[in-house]
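In: Mind folding the following:
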Amino acid sequence: MNIFAAIGRTVLALFAQIGRLSQFTASSVANIVRPPIYWNLIGQQMMRIGWFSLPVVGLTAFFTGGVLALQIYNGAARYGAESFVPVVVLVGITRELGPVIAGLMVAGRVGAAIAAEIGTMRVTEQIDALTTLSTNPIRYLVVPRVVAAVISMPILVGIADCIGVFGGYVASTRSLGFNGSVYMNNTMNGLVYWDVESGLIKAAVFGFIIALMGCYNGFHSKGGAQGVGTATTNAVVTSSILVLAANYLLTSLILSD
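Out: Coordinates of the predicted model:
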């Protein structure tokens, strides 16, 4: 019976966690359209989430594009289909690798920072102080970060797409012997705007997930410094898993249309 009791406690704890997350998500979304809107905080968070994440996302996208070109060329050369390398690199970066890699990088960098910042405010009772001063902590702390992430991620992914395609261009022209002008012509001929738009839609969803999970784990942290560390770890892990799961679901919906 102890085994069944442990299973029951785990299931109940899981449903309780899902309920808390659902309430937190509903409250965050509802407060997005309710005044006051802290535009100054949204601008600050856009700089932290978008601009300061650009170096790591750009470097990752560049090397990913280069590796993708090398791998595709290695496989396509077996069938004499080397001319498809530019198009496949373009599609792979814009549809999948650009949004997913940017999402994972931002989850590791920004999700952890958000959870640590809000978690520290929770354990030092600063959030309770906001409530005492009649300031809605969801509206003041969570909404600016969520809005900033939803706006910044598509911009960040758009830049990452360009850098990733450029990485494939550099690898193809320097290591694989492609003619630069021919490579660019094939790339532009294979460009389909819906491929880019679908990646940007994914980026907005990923930004919402990353900011929400960082805020949620930080908001519910407890136990001092150890609790903040646990909240930071949980934020990165859960947001990364949800980004990959959301990518699968969105890809299924997009390809089914």
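In: give the contact list for the residue most central in space within the chain.
Out: In the chain, the residue lying closest to the centroid (CA atoms, centre = their mean) is G103, at 2.6 Å. Counting by CB atoms under 8 Å, 6 or more residues apart in numbering, G103 touches 153, 202-203, 206-207, 209-210, 243, 247. To be clear about C-beta, it is placed using only N, CA and C from the backbone, and glycine gets the same treatment.
In: What of F24?
Out: Residues near F24 by CB under 8 Å, 6+ apart: 138, 212, 215-216, 219.
In: Now for those residues, which sits with the most neighbours around it?
Out: With neighbours taken as other CB atoms under 10 Å, the top of these is C215, carrying 28 neighbours.
In: how close does that one get to S172?
Out: Distance of C215 to S172, given as CB to CB, to the nearest Å: 41 Å.
In: quick revisit: so the residue nearest to the centre of the chain: helix, strand or coil?
Out: State at G103, reduced to three classes by DSSP: H, G, I helix; E, B strand; the rest coil: helix.
In: Before we move on, what's the pLDDT of it?
Out: G103 carries a pLDDT value of 93.
In: when you give positions from now on, start the count at 22
Out: New numbering, starting at 22: the last item is G124.
In: wait, which of the contacts of F45 is closest to T115?
Out: Of all these, T115 sits closest to L233, with 25.0 Å by CB to CB.
In: Run through the neighbouring helices and strands of the helix or strand hosting the closest one.
Out: If you go by DSSP states H and E, L233 is part of helix 214-240. Contacts defined by 3 or more CB pairs under 8 Å, 6 or more residues apart in numbering; DSSP states H and E place helix 214-240 against helix 23-53, helix 119-127, helix 133-144, helix 164-196, helix 245-277.
In: Next, the angle from that helix to helix 164-196.
Out: 130 degrees (axes from the mean of the first three to the mean of the last three CA atoms, to 10 degrees).
In: buried set for helix 214-240?
Out: For helix 214-240, a neighbour-count test (16 or more other CB atoms under 10 Å) marks 216-217, 219-240 as buried.
In: What average pLDDT does it get?
Out: Averaging pLDDT along helix 214-240 gives 92.
In: Relative to the whole chain's centre, how far out is it?
Out: 5 Å (CA atoms, centre = their mean, to the nearest Å).
In: what's the answer for stretch 43-55, then?
Out: Centre to centre, stretch against its chain (CA atoms, centre = their mean), the figure for stretch 43-55 is 19 Å.
In: Buried residues of that stretch, list them for me.
Out: Going by neighbour count (16+ other CB under 10 Å), the buried part of stretch 43-55 is 45-46, 49, 52.
In: try stretch 241-255
Out: Within stretch 241-255, the residues that count as buried by 16+ other CB under 10 Å are 241-242, 248-249, 251-253, 255.
In: out of those, which one sits closest to Y100?
Out: Using CB to CB, N255 comes nearest to Y100 of those, at 45.5 Å.
In: Next, the contact list for that closest one, please.
Out: So N255 contacts 136, 238 (CB under 8 Å, 6+ apart).
In: Show the end-to-end separation of stretch 110-125, please.
Out: This stretch, stretch 110-125, spans 20 Å end to end (CA to CA, to the nearest Å).
In: Thanks again, I'm all set now.
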